[in-house]
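J.: model this:
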Amino acid sequence: MLSIGEFSNICKVSTKTLRYYAEIGLILPAEINPENGYRYYSVEQLETMLFINRLKSYKFSLEEIKTILKSEELLDEKLYLALTKKKKEIEKQVQESKKSLNQLNNDILNLKQGKSIMSYLESIDVQLVEVPKMYLLYYRKMVHEQEFAEEYGNNFTKLFNKIQDEKLTILAPPMVLFHSAEFSPFGLDTEFAIPIKEYVTGTRDFHPGLCIKTVLHGSYSNLSSIYTKQREWAEREGYESNNALYEVYVTDPSQVQKESELITEIYYPVKKKV
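T.: I've put the predicted structure just below:
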């Protein structure tokens, strides 16, 4: 048996941490002397402690590690699923860090060249286009900010199922229209829609007319820059909003390997100010 001090030294975990791990049931001493309260760990528990440290290095929470250790399923199967999930999370974090680093390098380069770090807005293209009337198969509802990811999936799944069941003809990629400019306590007035050929129950006319159009290649996190550029352009050229702003998802996010492969069209319906 190893004293808590010996166990602590070998595993490089403080005795205070070991006491906490025992308190939350992560790893208990193999034996506690009833007379003096001294704690002892078995040699076999060294591997358990190393296992805990290894999972901690992968950013597993103590609760997650405890769940894995206590799992009644086969440990290797449970561990494989948990590691695969964690790998995806870390890969996403690495991609986000790389993206931030590239953006940082560009900003530094711009400053060296005497440009503003906001000069990237100048490279965003806007154009005036006339968009014809279309028939939209749609679901319109109030959506809270934290619900968007789930609502996108749920509503487009329902729309595609309806199109398949009723043998309707898709004319253009899915789109989302935003009927309110800001969130209310009830959410944002949002319409999930797919342009189709037929006019059937559940469809409506939509005629955007004159629109400011921008094509975004890359992450949805850049959408706010597009909105800013379109609003600035409209203000400068004497246009104002005339209908619901909408986004057309040319590429399916579930079908691309990288965010850089995403293509989104942003339409801002406008009219000339009187």
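
J.: Show me where the protein has its strands.
T.: 2-3, 31-32, 39-41, 127-131, 134-143, 175-178, 188-196, 203-206, 209-217, 239-241, 245-249, 263-272 (DSSP state E).

J.: Show me what the last one is in contact with.
T.: Residues lying outside strand 263-272 but in contact with it, judged by Cβ atoms under 8 Å, 6 or more residues apart in numbering, are 129, 131, 208-217, 220, 223, 226-227, 230-231, 234, 238-251. Quick note: C-beta positions are derived from backbone N, CA and C, even for glycine.

J.: Then stretch 231-250?
T.: Looking at stretch 231-250 with Cβ under 8 Å, 6+ apart, the contacting residues turn out to be 121, 126, 172-179, 191, 208-210, 212, 223, 227, 263-273.

J.: ok, back up a step: list just the one of the strands of the chain that sits closest to K162.
T.: strand 134-143 (6.6 Å; Cβ to Cβ).

J.: Grab the nearest non-local neighbour of L83.
T.: Excluding the flanking residues, the one nearest L83 by Cβ to Cβ, 6 or more residues apart in numbering is Y58, at 7.3 Å.

J.: roughly how far apart are that neighbour and Q93?
T.: 12 Å (Cβ to Cβ, to the nearest Å).

J.: These two: who's more crowded?
T.: Taking neighbours as other Cβ atoms under 10 Å, Y58 and Q93 compare with Y58 leading, 14 against 11.

J.: Now do the same contact list for the more buried one.
T.: L83, K86, I90 are the contacts of Y58 under Cβ under 8 Å, 6+ apart.

J.: Please tabulate those in JSON lines, including the columns distance to I108.
T.: Formatted as JSON lines, these follow (distance: Cβ to Cβ, whole Å):
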{"residue": "L83", "distance to I108": "36"}
{"residue": "K86", "distance to I108": "32"}
{"residue": "I90", "distance to I108": "26"}
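
J.: of all these, which comes closest to N161?
T.: Distances from N161 to those, taken by Cβ to Cβ, are shortest for K86, at 33.2 Å.

J.: and that closest one, how many neighbours?
T.: Neighbour number of K86 under other Cβ under 10 Å is 15.

J.: these two touch, right, it and F60?
T.: Yes: in this structure, K86 is within contact of F60 by Cβ atoms under 8 Å, at 6.6 Å.

J.: Against I32, how distant is K213?
T.: Taking Cβ to Cβ, one finds K213 at 72 Å from I32.

J.: got it, and V250?
T.: With Cβ to Cβ as the criterion, V250 and I32 are 64 Å apart.

J.: Quick one: the helices in the protein, in order.
T.: 4-11, 15-23, 45-57, 62-70, 75-112, 148-165, 223-237 (DSSP state H).

J.: Might you list the low-confidence residue ranges for this structure?
T.: 72-74 (pLDDT under 70).

J.: Tell me which residue of it is furthest from the middle?
T.: No residue in the chain sits farther from the centre than E35, which is 54.7 Å out by Cα atoms, centre = their mean.
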